[in-house]
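Chemist: below is the sequence, then the predicted model.
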Amino acid sequence: MTAAGGSGPSKGAVVRGSWLVNSTADGVTGPVTFRLHDREWDLLPGVFAPTYCVSTGFFTESIPFPVGGSFLEVGCGAGVTAVTAGARGCRSVTATDISEAAVRNTALNAARHGLLDRIELHRGDMFDGLGPEERFDLIFWNSPFIDPGAEDGPGARPVRDERRAQLRRAVFDPGYRAHGRYLSGARARLTATGRLLLGFSDLGDHDSLRRLAADAGYRISVLRTSRDLAPGVDYQLLELLPDDTCAR
């Protein structure tokens, strides 16, 4: 898969993603703190690092948080976006991540900023762990938009370093299987007027994303792009809008 659609993964995207995984794994070997949006944050080993990638800062700044409403972040990582949602007036915030380290990291940052009582945390894949009746006014996922192709396909060498394995899940989505689960499961988790957002990039496979969105009954709208914020990549805040013309 390529950024523009095609028969294989973008080599540049895979190289960039691998650099991010290795830089974070090698550079964050113990708990550290960093500064973003005029706040101090904790960062644990094995958690996607906003210090090596501007996407977290860009998306957090760009999301139209529902003041007085409910917010769900899938893949909360260090918790910057979820904690900011609470600080900016969301009535309730829920954050999920498949990584135990990420859930602990989000709890640390929620406590650091006095918002632990407003943020509910679940460890699980996508919407796992949520109550059957829980609905949200806004759902967001800063997705692992790079498909590594054969690098993570059948016969690929397993990643034995657990920290690197966790970081790969935050950067790479083989076959866009996780994207498919997000799009197919989100509708049942939205309120009647709820909004579904996705953090994406021009390094992602837009053709595959459009097909998955159409299968789930959505069309894609671009809310904001990062433009020249980061050399070589344009981050894109996307909204998935219900489209009755799409195939179910």
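Modeler: Nice, thanks for sending it over.
Chemist: tell me the buried residues in the longest strand along the chain?
Modeler: Counting residues, the longest strand in the chain under DSSP state E turns out to be strand 190-201. With burial defined by 16 or more other CB atoms under 10 Å, the residues of strand 190-201 counted as buried are 190, 194-201. All C-beta spots, glycine's among them, are computed from the backbone N, C-alpha and C.
Chemist: name the SS class of residue 114, please.
Modeler: When classified by DSSP: H, G, I helix; E, B strand; the rest coil, residue 114 comes out as coil.
Chemist: should've said residue 35
Modeler: Quick answer, by three-state DSSP: residue 35 is strand.
Chemist: could you report the separation of it from residue 242?
Modeler: 39 Å (CB to CB, to the nearest Å).
Chemist: residue 120 too?
Modeler: Residue 120 is 26 Å from residue 242, where distance means CB to CB.
Chemist: just residue 62 next, same as before
Modeler: Residue 62 sits 21 Å away from residue 242, going by CB to CB.
Chemist: same deal with residue 219?
Modeler: 8 Å.
Chemist: tell me what the lowest-mean-pLDDT helix or strand in the chain is packed against?
Modeler: For the chain, using mean pLDDT, DSSP states H and E, the weakest element among its helices and strands is helix 162-171, scoring a mean of 89. Here helix 162-171 touches helix 11-27, going by 3 or more CB pairs under 8 Å, 6 or more residues apart in numbering; DSSP states H and E.
Chemist: now the helix it packs on - C-alpha only, PDB.
Modeler: This file holds the C-alpha atoms of helix 11-27, laid out as PDB (Å, rounded to 0.1, in the frame of the first residue of the first chain):
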ATOM      1  CA  LYS A  11       9.200   2.700   1.400                       C
ATOM      2  CA  GLY A  12       9.700   6.200   2.700                       C
ATOM      3  CA  ALA A  13       6.800   5.800   5.100                       C
ATOM      4  CA  VAL A  14       8.100   2.500   6.400                       C
ATOM      5  CA  VAL A  15      11.600   4.000   6.900                       C
ATOM      6  CA  ARG A  16      10.200   7.000   8.700                       C
ATOM      7  CA  GLY A  17       8.000   4.700  10.900                       C
ATOM      8  CA  SER A  18      10.900   2.400  11.700                       C
ATOM      9  CA  TRP A  19      13.000   5.400  12.700                       C
ATOM     10  CA  LEU A  20      10.300   6.600  15.100                       C
ATOM     11  CA  VAL A  21      10.000   3.200  16.700                       C
ATOM     12  CA  ASN A  22      13.800   2.700  17.100                       C
ATOM     13  CA  SER A  23      14.500   6.300  18.200                       C
ATOM     14  CA  THR A  24      11.800   6.100  20.900                       C
ATOM     15  CA  ALA A  25      12.900   2.600  22.100                       C
ATOM     16  CA  ASP A  26      16.500   3.600  22.300                       C
ATOM     17  CA  GLY A  27      16.000   7.100  23.600                       C
END
